[in-house]
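Asker: When you get a sec, could you give me coordinates for this:
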Amino acid sequence: MGRPVRIALLTYSTKPRGGVVHTLALAEALAARGEDVTVWTLGRGGDDAFFRPVDDAVQVRVVPFAAQPDETVGARIQRSIRVLAAAFDPAGYDVVHAEDCITANAVPGAIRTVHHLDTFTTPELVACHDRAIERPVALVTVSRSVALEVQAGWGRVATVIPNGVDADRFRAAASAGARSQRDAWRDRFGEYLLVVGGIEPRKGTMDALEGYALARRRHADLRLVVAGGETLFDYAEYRRRFDRRREALRVPVDVLGPVDHGELPSLVAAARAVPFLSTKEGFGLAAMEALAAGVPVVARDLPVIREVFGRAVERVPDGAGVARGMASAVDRAFEGTGPAPELGRTLAASYSWDAAAAAHQELYARVLDGRGRSRFR
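Answerer: I've put the predicted structure just below:
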């Protein structure tokens with residue numbers, strides 16, 4: 001039996017963004033399979049720990065990263081790369097795996113997961129984005145759709161390893177034993193639609209607002225709840241547009257910001273439906289968690305949604321008809337005539353973090369040994 005492989009997983013934040021959730025879950029699954037795993041991150045805003053507890057089998061290294069008022073997004077990205085690069089020493093690790101653009105630039109020869117592809121106009125971000133695809137020794141994507149984008153844009157072949165889903169945690173939140181937690185949310189908001197990911201362009205929050213306003217014509221007590229939203233980028237102008245449009249439509253919206261890790265499953269399970277109208281996605285973990293809780297999902301009809309979710313979600317056309325399509329799908333959620341909940345639960349349960357970890361071990365073995373002989377136990 002060989003020794004455990006020493007793996008460093010690098011992420012850019014302690015906040016509950018999709019890539020950070022992926023990093024922690026993968027780290028814990030690799031550790032459960034016997035590997036020696038350390039997660040490195042930047043501690044933004046004075047953070048010295050992640051948004052949730054991390055299994056003791058995983059070591060955590062948080063690099064201090066003080067806020068600088070009036071710093072531009074481009075300058076913040078460049079400083080993030082410099083600070084992490086200065087703190088991280090790859091010596092002592094067999095595998096270094098970057099989970100995002102910032103960490104891939106800080107350690108250029110790492111393996112890198114491309115969760116989704118963005119389009120930027122800020123020069124520093126464009127350069128960061130391209131280098132983070134061109135320079136890594138190997139690439140991972142969480143869906144075939146993103147792998148095809150990477151190949152078309154950069155001529156690189158990525159290994160496709162889908163996300164896992166903590167399906168049991170969200171399924172339990174929909175059980176009879178968790179009714180009081182769900183009732184607490186319903187007492188607070190009544191019937192509500194839940195958008196996870198905050199108010200930002202990529203999440204399509206404006207489209208969700210328009211669809212909600214149309215749905216509310218037939219369901220007068222319906223509310224929209226928005227959870228999450230920690231990001232490096234400045235979406236203040238988009239938020240102002242959102243608020244102005246909400247006021248013009250005269251509809252109630254509850255913006256919660258980040259939700260405690262332990263409370264999120266019941267918030268999801270208590271929702272009437274989850275609009276998932278992202279304009280770009282790599283997998284769709286928040287939507288998969290909703291399906292695990294038996295909650296209907298209304299998703300923008302993107303290639304990745306067709307690939308990952310199939311018939312388990314209501315797909316609405318991209319473009320001008322997205323709001324009308326969402327409102328009609330919400331009607332079907334109220335009527336119970338949309339996709340069968342068990343179809344979504346079964347799909348979510350089919351994605352495990354243990355399977356994702358095993359696939360990463362195989363990738364690491366190929367990178368470590370060009371002849372393909374596994375160095376894992």
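Asker: ok, now which ones touch residue 37?
Answerer: Each residue near residue 37 by C-beta atoms under 8 Å, 6 or more residues apart in numbering is listed here: 7-9, 27-28, 30-31, 57-59. In this view, the C-beta of every residue, glycine as well, is placed from N, C-alpha and C.
Asker: which of those count as buried?
Answerer: Neighbour-count burial (16 or more other C-beta atoms under 10 Å) is assigned, among the contacts of residue 37, to 7-9, 27-28, 30-31, 58.
Asker: for the one helix or strand in the chain whose mean pLDDT sits lowest, which positions count as buried?
Answerer: Within the chain, judged by mean pLDDT, DSSP states H and E, the helix or strand with the poorest mean is helix 123-134; its value is a mean of 88. For helix 123-134, burial by neighbour count (16+ other C-beta under 10 Å) applies to 124-125, 127-129, 132-133.
Asker: picking that back up, restricted to helices, list the buried ones among the contacts of residue 37.
Answerer: Under the assignment DSSP state H, the buried ones among the contacts of residue 37 contribute 27-28, 30-31 to helices.
Asker: so which of those residues comes closest to residue 330?
Answerer: When these are compared for distance to residue 330, the smallest value, 35.5 Å, is given by residue 28; criterion: C-beta to C-beta.
Asker: quick one: pLDDT of the closest one?
Answerer: At residue 28 the predicted local distance difference test score is 98.
Asker: is it possible to export the ones in helices among the buried ones among the contacts of residue 37 to TSV including distance to residue 66?
Answerer: Formatted as TSV, those follow (distance: C-beta to C-beta, whole Å):
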residue	distance to residue 66
27	25
28	29
30	31
31	30
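Asker: Out of those residues, give me the two with the largest separation.
Answerer: Of all pairs drawn from these, the widest gap by C-beta to C-beta lies between 28 and 30 and measures 7.4 Å.
Asker: just the strands in the stretch 201-350 of the chain please.
Answerer: Shown for the stretch 201-350 of the chain, the strands assigned by DSSP state E, counting those that start in this stretch span residues 223-227, 253-257, 274-276, 297-300, 314-316.
Asker: next one: the stretch 1-150 of the chain
Answerer: Under DSSP E, counting those that start in this stretch, the stretch 1-150 of the chain gives strands at 6-10, 36-44, 59-65, 95-98, 111-114, 138-141.
Asker: ok so, going back, who does the least confident helix or strand of the chain touch, helix- and strand-wise?
Answerer: With contacts defined as 3 or more C-beta pairs under 8 Å, 6 or more residues apart in numbering; DSSP states H and E, the secondary structure elements packing on helix 123-134 are helix 73-87, helix 101-106, strand 111-114, helix 144-154.
Asker: Quick one: residues in contact with that helix.
Answerer: Residues lying outside helix 123-134 but in contact with it, judged by C-beta under 8 Å, 6+ apart, are 73-75, 77-78, 81, 98, 100-102, 104-105, 108, 112, 114, 117-118, 120, 139, 150, 153-154, 156.
Asker: now do 10 Å
Answerer: 72-78, 80-81, 98, 100-106, 108, 110, 112, 114, 117-120, 122, 139, 150, 153-156, 158, 232-233 (C-beta atoms under 10 Å, 6 or more residues apart in numbering).
Asker: ok now it, how far from the chain's centre?
Answerer: Between the mean C-alpha location of helix 123-134 and the chain-wide mean there is a distance of 20 Å, by C-alpha atoms, centre = their mean, to the nearest Å.
Asker: hang on, residue 77 packs against residue 83?
Answerer: No. Because the distance of 11.1 Å does not satisfy C-beta atoms under 10 Å, residue 77 is recorded as not touching residue 83.
Asker: hey, what's in contact with both of those two?
Answerer: Looking at what touches both residue 77 and residue 83 (by C-beta under 10 Å, 6+ apart), the common residues are residue 102.
Asker: Have a look at these two and say which one is more surrounded.
Answerer: Per other C-beta atoms under 10 Å, whichever of residue 77 and residue 83 has more neighbours is residue 77, with 24 against 17.
Asker: wait, what's in contact with that one?
Answerer: Taking C-beta under 10 Å, 6+ apart, we find residue 77 in contact with 12, 71, 101-102, 105, 120, 122, 124-125, 127-129, 232-233.
Asker: Pick the one among those residues closest to residue 207.
Answerer: Relative to residue 207, the closest of the contacts of residue 77 is residue 233; by C-beta to C-beta it sits at 18.6 Å.
Asker: Give me the pLDDT for the closest one.
Answerer: Here the pLDDT value assigned to residue 233 is 68.
Asker: now residue 41
Answerer: 98.
Asker: can you pull the contacts of it?
Answerer: Shown here is residue 41, whose contacts under the criterion C-beta under 10 Å, 6+ apart are 9-15, 20, 23-24, 47, 49-50, 60-63, 65, 84, 99, 103.
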